[in-house]
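Student: Give me a 3D structure for the following:
(one chain, ligands or ions: 3)
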Amino acid sequence: MTMPAPAWFVTGTDTEIGKTLAACALLHKLREKYPRVVGAKPVAAGLAPDGTNDDVARLRAASSLQVAPALDNPYALPEPVSPHLAARAARTQIDLQTIDQAVQALRQQADAVVVEGVGGFLVPLSDTEDGGNLAHRLRLPVVLVVGLKLGCLNHALLTQEAIASRGLPLAGWIASCVDPDMLRVDDNIASLRARMRASCLGIIPHMSNPDPALAAQHLELPA
Ligand SMILES: Nc1ncnc2c1ncn2[C@@H]1O[C@H](COP(=O)(O)OP(=O)(O)OP(=O)(O)O)[C@@H](O)[C@H]1O
Ligand SMILES: C[C@H](N)[C@H](N)CCCCCC(=O)O
Ligand SMILES: [Mg+2]
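Tutor: Ligands and ions are numbered 1, 2, ... in the order given. Predicted coordinates for the structure are as follows:
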């Protein structure tokens, strides 16, 4: 058993705010340093008619190591709803041990791993567990992606408190400019820098054609 590879859990201020773009950008950044880099989406909710999930496809495309689906996407749930509801609809149960074993296996095969959560940090995964329980079970430092739009300051600060209350280290935060019409973007970023208790790993500008390799140029890796 070799030392497990460095790994991070990527969460966000909400769904649809740039977690996958930022996670893929981190994968590209890690590929500058390591040969075998892999992304994982343990729980994906929302499948295309052909059974694929867009996040999983994007993470695989950004990875330099291809692995079995049981390892990078153990739960592929058809309905684009909260994972606890999607799991119930699929008559399955999201098991944290299954995900933990999959991520541990990835950390033995790869040189670096980026794990993308689902929705926001406290998204329900079952009647008793949430995304924070998963991050804690994986024992990974957390990277918070802040989707820059009106309301994100509250969501970022609430998520920071939740991460701390679950006893997890916040390795850094990334802002993604999802709303090209947001007012006072620089002042909002300055407000985050003043209030977030972790370093900013970068600001992904609004991209008319979002490209994780280009987005990677705006990021630094967590220490
Ligand atoms: N900086 C940006 N510039 C332009 N578009 C962006 C930016 N960040 C995110 N987006 C767009 O916002 C949408 C949601 O981004 P993404 O899929 O990364 O969100 P997510 O948080 O991973 O969503 P989910 O919760 O479904 O996993 C995508 O269409 C993406 O291209
Ligand atoms: C379907 C979507 N793209 C995500 N995969 C799941 C988002 C769940 C959000 C649940 C909630 O916080 O209300
Ligand atoms: Mg995503």
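Student: Stretch 126-138: which residues count as buried?
Tutor: Residues of stretch 126-138 classed as buried: E129, D130, G131, G132, N133, L134, A135, H136, L138 (neighbour count, 16 or more other C-beta atoms under 10 Å). No exception for glycine: its C-beta is placed from N, CA and C like everyone else's.
Student: Give me the contact list for it.
Tutor: 7, 9, 11, 42-43, 84, 87, 93-94, 96-97, 99-100, 103, 115, 117-125, 142, 162-163, 166-168 (C-beta atoms under 8 Å, 6 or more residues apart in numbering).
Student: Can it be said to contact ligand 2?
Tutor: No: applying C-beta under 6 Å from any ligand atom, one finds that stretch 126-138 is not in contact with ligand 2, the shortest distance being 9.1 Å.
Student: Repeat that for stretch 70-78.
Tutor: No: against ligand 2, stretch 70-78 shows no contacts by C-beta under 6 Å from any ligand atom, the least distance being 8.6 Å.
Student: Between the two ends of that stretch, how far is it?
Tutor: Distance between the two ends of stretch 70-78: 16 Å, counting by C-alpha to C-alpha, to the nearest Å.
Student: which among the contacts of stretch 126-138 end up buried?
Tutor: Using 16+ other C-beta under 10 Å as the burial test, these include 7, 9, 11, 42-43, 84, 87, 94, 96, 99, 103, 115, 117-125, 142, 162-163, 166, 168 as buried.
Student: Tell me which entries of those residues lie within strands.
Tutor: A7, F9, T11, V43, V115, V142 (DSSP state E).
Student: closest to V56 among those residues?
Tutor: V43 (10.4 Å; C-beta to C-beta).
Student: Which residues of this structure lie near ligand 1?
Tutor: Counting by C-beta under 6 Å from any ligand atom, the chain sits next to ligand 1 at 12, 15-21, 55, 119, 176-178, 204, 206-207, 210.
Student: For the chain, which segments are assigned as strands?
Tutor: Here the chain has its strands, by DSSP E, at 7-12, 37-40, 43-45, 75-77, 112-116, 142-147, 170-176, 200-204.
Student: angle of the last one against strand 142-147?
Tutor: Spelled out, that is strand 200-204. Interaxial angle, strand 200-204 versus strand 142-147 (axes from the mean of the first three to the mean of the last three C-alpha atoms, to 10 degrees): 30 degrees.
Student: How about the longest one?
Tutor: Between strand 170-176 and strand 142-147, the angle comes out at 20 degrees (the same axes, to 10 degrees).
Student: The chain should start at 452 in everything you say after this.
Tutor: In the new count, where the first residue is 452, that last one comes out as strand 621-627.
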